[in-house]
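[1] Sharing a sequence plus its predicted fold:
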Amino acid sequence: MTARVQSIWRHPIKGHGREAVDKVTLSAGQTMPWDRIWAVAHTESDADGSKWVSCQHFSRVSKAPELMALTAEVDETTERLTLRHPEFGVLEFSPDEEPDALIAWAGPLIPENRAASDRVVRAQTTGFVDSDFPSVTICNMASHRAVEQQIGRELSIHRWRGNIWLGGLAPWEEWEWMDREFRVGDAVLRGRERTDRCLATTANPETGKRDADTLGALEHWGHRDFSIRAEVVAGGEISLGDSAGLL
């Protein structure tokens, strides 16, 4: 059975919402366009966007689970964003020109015992992905269903905050793509590392409440990994329904 692209997601502001797209054009050595372009640095961080830094510098779902319930839309022409939350409503703003609007609106989602959101920073080199190299996250629907079966109920794929979701693979077949080149649509990628997971995945994307032991479920297979981080070897367009497979 041929693996095919089932959905494509980007996260314009790290930890602050997700957006579905029908197609994307990847470039060699780059993250997905408009993915983690901005991030919200907290009061204990010195991040300024001039270089990649780890997720510990930013307000994120693992520390503030209610952020998981955010969705996002980015207007690529104006670079204005629309964020939505089930309790806080809608925010339309420019991350570059109106950063304080986001801090005031989403700041209350950060628990009092965590470093408060302080400022919005824009990535000047590569998106603020969780790897120290520009990566695109490839997820396997069959592996997701395996986790659902282990937990005993349906789960949203948004817990994993992946970029490209593939159907048609066997559970955990993505591990075979490590250190090998594969094609998705017109792009060629290479699996670089398995994605280690944290408490962020325990939060419900509809409510922002922790309600599933995803990490315990993964430990059934002897790890806490889900999906792979891949580097783009050769750029190209990827659309819904495109085929994917090893070269």
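    That came through fine.
[2] Find the residue closest to the residue minimising distance to the centre of the chain in space, skipping its chain neighbours.
    For the chain, the residue nearest the mean C-alpha position is R161 (3.4 Å; Cα atoms, centre = their mean). Nearest residue to R161, sequence neighbours excluded (Cβ to Cβ, 6 or more residues apart in numbering): H11, at 6.2 Å. In this view, the C-beta of every residue, glycine as well, is placed from N, C-alpha and C.
[3] That neighbour: neighbouring residues, count only.
    28 (other Cβ atoms under 10 Å).
[4] which residues touch the closest residue in space to I228 that isn't next to it in sequence?
    Once flanking residues are discounted, I228 sits nearest to G191: 4.8 Å by Cβ to Cβ, 6+ apart. Residues counted as contacts of G191 (Cβ atoms under 8 Å, 6 or more residues apart in numbering) are 138, 174, 177-180, 182, 228-230.
[5] Bridged to G191, which residues?
    Counting by DSSP bridges, G191 is bridged to M178, A230.
[6] Outline the domain layout of this structure.
    For the chain, the structural domains run 3-26+133-246, 38-122, going by automatic domain parsing.
[7] what's the closest of those to M32?
    domain 3-26+133-246 (5.3 Å; Cβ to Cβ).
[8] List the contacts of the nearest residue to D211 once chain neighbours are set aside.
    Counting by Cβ to Cβ, 6+ apart, N204 is the residue found nearest to D211 once chain neighbours are left out, at 4.9 Å. N204 makes contacts with 68-69, 156, 159, 210-212, as judged by Cβ under 8 Å, 6+ apart.
[9] now G235
    For G235, the contacting residues are 25-28, 30, 187, by Cβ under 8 Å, 6+ apart.
[10] Could you pick out which of those are located in strands?
    Judged by DSSP state E, the contacts of G235 include 25-26, 187 as members of strands.
[11] Of those residues, keep whichever come out buried.
    Restricting the ones in strands among the contacts of G235 to buried positions leaves 26, 187, with burial counted as 16 or more other Cβ atoms under 10 Å.
[12] Serialize the ones in strands among the contacts of G235 to JSON lines and add fields for pLDDT and distance to R122.
    As requested, the ones in strands among the contacts of G235 are exported to JSON lines (pLDDT from 0 to 100; distance: Cβ to Cβ, whole Å):
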{"residue": "T25", "pLDDT": "98", "distance to R122": "21"}
{"residue": "L26", "pLDDT": "98", "distance to R122": "20"}
{"residue": "A187", "pLDDT": "98", "distance to R122": "25"}
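[13] Please convert the ones in strands among the contacts of G235 to TSV, extending it with distance to A41.
    Formatted as TSV, the ones in strands among the contacts of G235 follow (distance: Cβ to Cβ, whole Å):
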residue	distance to A41
T25	29
L26	27
A187	31
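[14] of the ones in strands among the contacts of G235, closest to Q6?
    A187 (16.2 Å).
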